[in-house]
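> Here's a sequence, model it:
(one chain, ligands or ions: 2)
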Amino acid sequence: MTSPAASTAPPTAAPGVRRSDPLTTPDGAPWDLVVVGGGTAGLVAAHTAAGFGARTLLVERHRTGGDCLWTGCVPSKALLAAAHAAAAARRAPRLGVHVGDVRVDFAAVMRHVHDTIARIEPVDSPERLRGAGVAVAHGDLTLTGPQSAVVDGEPVRFAQALLATGSSPSVPGVPGLAEASPLTSDDVWDLAELPGRLLVLGGGPIGCELGQAFARLGSRVSVVEAGPRVLGPEDAHAAALVRAALRADGVDLREDVSLERVEGVPGDLAAHLSDGSVLHVDRVLVAVGRTPGTHDLGLRAAGVEVRESGHVVVDSALRTTNLRIWAAGDLTGHPAFTHVAGMHGSLAASNAVLGLRRKVRLDTIPRVTYTQPEVASFGVGTETDDPSHTVHRVDATEVDRAVAEGDTDGEVAVVLDGRGRLVGARVVGPRAGEVLAELTLAAQAGVSLRTVAGTIHPYPAWSDGVSKAAVARTREELARPVPATVTRVLARGRRRWVQHRASAAGATPPAP
Ligand SMILES: Cc1cc2nc3c(=O)[nH]c(=O)nc-3n(C[C@H](O)[C@H](O)[C@H](O)COP(=O)(O)OP(=O)(O)OC[C@H]3O[C@@H](n4cnc5c(N)ncnc54)[C@H](O)[C@@H]3O)c2cc1C
Ligand SMILES: NC(=O)c1ccc[n+]([C@@H]2O[C@H](COP(=O)([O-])OP(=O)(O)OC[C@H]3O[C@@H](n4cnc5c(N)ncnc54)[C@H](O)[C@@H]3O)[C@@H](O)[C@H]2O)c1
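Ligands and ions are numbered 1, 2, ... in the order given. The predicted structure is shown next:
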């Protein structure tokens, strides 16, 4: 690691970290906080710490922005936008609109993907960090002791550190797979041509989103999922709706089947499956989960324990087993989402710098898979086996907006505990992520569904499903023996009073 002060030609780095700041503070004292990794968790942590006046150094080995910006959320949603546009154009005739043949220009689609990254990149840039008072260094950080590290061989001292080294795609050791040069979410964005035949290994969020995207853009896609159903953590109904949508897009979806071996080279691959069938494809895209970025960090030297899975052990305040070291984001084993990484970064940095013990709350973390239909959930699932839980569902055919747009494959489902508190929800359909947000807030803030029912919802918005579920639940509550008796008594008393007043005035009571 060469600092600009020691060299006339600062080292060039990958896009995202173009020059390095010195690794020492101006007075030679240890950094208040060294943040390792410049993905979402590290960026938010560094901004938070510097905002509180802490002397903060962020070290990034590749490029700031991390997985979300370069290889994750941003490119995948940009690709899906193009894919969903193609699908909308193909489906337009059902609304009486004819657009002729739909032609996909894959090079232009990929330009859109990379333009999207370029437009968002400045927000995550080293310049933005420096503007907020964070020193930024390019290099590989390895811990060497409880309060020391090296960056590419040069020493760094810190009072506290925050690990935010994320995760990378896991690739299973299937015979022949390595020779097939499989794509992963790290490099699929470099494709210059649309693969004619694509095998997607794994039917989780990446497999379903990218499988649908490539199918809609024109690839012949097969998705092979080893588990019993796609989108494992979601309920069977949500999985069934996504399964049907993928098949309608032409995806050859195989569940409960695994890949046993691969033969051949890219462009001519034979994928042998556990059910005896063979798929002939051009490329394989592996999407079977993530490996935490903890193996080469020097965690043992620093006294930071990891679990068997490789995730760092953290307590509820995100402190590791070294009390001076904190962790945030994918490497903790908490749900691997950008919104979790951001929340972690803010919470861990403020705990570290201000000496607080704010705790992570896991029960209201939302997750959204951006297929069509979109699937959004939080908390307890609708297949709960707790007998005290109740589930209320509103099918999308009851949501007028869904009917108007001819998009009724979906539903809103809410899960209540024995005391009537909202403990989970699942929305399937257009804008499911946005629709879920109201329910997540209600659960987080302890707001009852009766309050949601009493809140005016715009008509005919997609959120009508939430409103209807809340109203149905409130009506059910009012139909119970005690409230039903009270309301009947009130109504009877009111009728008598109105009649009495009317006869006392010698007038006919007004029509109700
Ligand atoms: C295809 C795909 C789509 C996704 N879509 C979504 C989505 O729609 N919504 C959502 O919420 N989430 C999504 N995710 C997940 C999301 O991208 C991650 O959860 C999030 O980016 C994790 O952030 P992080 O800061 O923990 O790690 P990362 O973003 O991985 O950042 C870690 C950083 O640490 C650096 N680093 C590692 N080791 C060292 C070291 N020793 N020294 C210095 N630097 C180091 C790395 O270079 C990297 O920049 C998606 C992921 C993928 C792969
Ligand atoms: N919209 C989003 O928020 C979004 C989108 C993409 C990814 N992500 C994040 O990235 C993480 C990683 O995504 P992912 O889809 O790679 O992982 P995942 O672990 O969520 O799903 C992987 C799937 O692959 C299957 N699988 C495992 N080994 C297999 C094998 N050998 N053959 C066939 N199938 C196999 C699993 O049963 C599982 O269904 C997600 O868990 C999520 O946190 C989020």
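
> Mind listing what's buried along stretch 69-89?
69-76, 78-80, 82-87, 89 (16 or more other CB atoms under 10 Å). (Each C-beta comes from the backbone N, C-alpha and C, glycine too.)

> just checking, what packs against the helix or strand where residue 245 lies?
Under the criterion of DSSP states H and E, residue 245 resides in helix 236-248. Helix 236-248 is packed against helix 205-217, strand 252-255, strand 375-379, strand 422-428, with contacts defined by 3 or more CB pairs under 8 Å, 6 or more residues apart in numbering; DSSP states H and E.

> Next to ligand 2 in this structure, residues from the stretch 51-200 of the chain, please.
Applying CB under 6 Å from any ligand atom, one finds that the stretch 51-200 of the chain approaches ligand 2 through residue 172.

> Tell me the residues of the protein that contact ligand 2?
172, 201-207, 209, 224-227, 232, 258-259, 287-290, 335-337, 367-370.

> Is residue 275 in contact with residue 254, as I believe?
Yes: with contact defined as CB atoms under 8 Å, residue 275 reaches residue 254; the gap is 7.5 Å.

> Among those two, which residue is more densely surrounded?
Set side by side, residue 275 and residue 254 show more neighbours around residue 254, with 20 against 11, by other CB atoms under 10 Å.

> surely that one meets residue 222?
Yes: judged on CB under 8 Å, residue 254 makes contact with residue 222 at a distance of 6.8 Å.

> Grab the longest helix from this protein for me.
helix 481-504 (DSSP state H).

> Pull out the buried residues from stretch 235-253.
Going by 16+ other CB under 10 Å, stretch 235-253 has these buried residues: 235, 237-239, 241-243, 245-246, 249, 251-253.

> hmm, who's touching that stretch?
Contacts to stretch 235-253, defined as CB atoms under 8 Å, 6 or more residues apart in numbering, come from residues 87, 203, 208, 211-212, 215-216, 220-223, 225, 229-231, 234, 255, 279, 369, 371-373, 375, 377, 381-383, 409-411, 413, 426, 428.

> Quick one: buried ones out of the residues you listed?
Among these, the ones that count as buried by 16+ other CB under 10 Å are 87, 203, 208, 211-212, 215-216, 220-223, 225, 229-231, 234, 279, 369, 371-373, 375, 377, 381-382, 409-411, 413, 426, 428.

> Quick check: residue 298 vs residue 304, distance?
Applying CB to CB, to the nearest Å, the value for residue 298 to residue 304 is 9 Å.

> the more surrounded of those two?
Each of residue 298 and residue 304 has its neighbours counted (other CB under 10 Å); residue 304 has more, 23 against 16.

> correct me, but the more buried one touches residue 147?
No: with contact defined as CB under 8 Å, residue 304 and residue 147 do not form a contacting pair (11.9 Å).

> Looking at the helices and strands packed on helix 236-248, spot the one closest to residue 48.
Among the helices and strands packed on helix 236-248, the nearest to residue 48 by CB to CB is strand 375-379 (24.1 Å).

> and that closest one, average pLDDT?
Averaging pLDDT along strand 375-379 yields 98.

> Which strands and helices lie in contact with that strand?
With 3+ CB pairs under 8 Å, 6+ apart as the test, strand 375-379 has helix 236-248, strand 367-369, strand 422-428, helix 432-445 packed against it.

> all strands in the stretch 201-350 of the chain, in order from the N-terminus.
In the stretch 201-350 of the chain, the strands defined using DSSP state E, counting those that start in this stretch lie at 220-225, 252-255, 259-265, 268-273, 278-281, 283-286, 290-292, 325-327.

> With mean pLDDT as extra columns, can I get the ones you listed in JSON lines?
Shown next, in JSON lines, are the strands of the stretch 201-350 of the chain (pLDDT from 0 to 100):
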{"stretch": "strand 220-225", "mean pLDDT": "98"}
{"stretch": "strand 252-255", "mean pLDDT": "98"}
{"stretch": "strand 259-265", "mean pLDDT": "98"}
{"stretch": "strand 268-273", "mean pLDDT": "98"}
{"stretch": "strand 278-281", "mean pLDDT": "98"}
{"stretch": "strand 283-286", "mean pLDDT": "98"}
{"stretch": "strand 290-292", "mean pLDDT": "98"}
{"stretch": "strand 325-327", "mean pLDDT": "98"}
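
> Deepest in the core, which of those is it.
strand 325-327 (a mean of 29; mean count of other CB atoms under 10 Å).

> just how off-centre is it within its chain?
Mean-position distance between strand 325-327 and its chain equals 22 Å (CA atoms, centre = their mean, to the nearest Å).

> With stretch 213-222 instead?
Offset of stretch 213-222 from its chain centre (CA atoms, centre = their mean): 22 Å.

> got the CA coordinates for that stretch in CSV?
Provided in CSV are the C-alpha atoms of stretch 213-222 (Å, rounded to 0.1, in the frame of the first residue of the first chain):
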residue,chain,number,x,y,z
ALA,A,213,-35.2,-11.8,-16.8
PHE,A,214,-33.3,-14.0,-19.3
ALA,A,215,-36.4,-15.9,-20.3
ARG,A,216,-38.2,-12.6,-21.0
LEU,A,217,-35.3,-11.3,-22.9
GLY,A,218,-35.3,-14.3,-25.2
SER,A,219,-33.1,-17.1,-23.7
ARG,A,220,-34.4,-20.6,-23.4
VAL,A,221,-34.0,-20.9,-19.6
SER,A,222,-34.1,-24.0,-17.4
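
> List of residues touching it?
Stretch 213-222 is contacted by residues 76, 79-80, 82-84, 86-87, 104, 106, 109, 194-200, 211, 246, 249-254, 279, 281, 285 when judged by CB under 8 Å, 6+ apart.

> anything in it near ligand 1?
No: for stretch 213-222, no contact with ligand 1 is found by CB under 6 Å from any ligand atom; the gap never falls below 10.2 Å.

> Near ligand 1, which residues of this structure are found?
Residues of the chain lying close to ligand 1 by CB under 6 Å from any ligand atom are 36-42, 59-62, 66-68, 71-73, 76, 140-141, 164-167, 185, 206, 293, 297, 329-330, 336-339, 341, 370.

> which residue packs closest to the residue of the stretch 401-512 of the chain found nearest ligand 2, ignoring adjacent ones?
Nearest residue of the stretch 401-512 of the chain to ligand 2 (CB to the nearest ligand atom) works out as residue 433 at 8.6 Å. Closest residue in space to residue 433, ignoring its immediate chain neighbours: residue 368 at 3.8 Å, by CB to CB, 6 or more residues apart in numbering.
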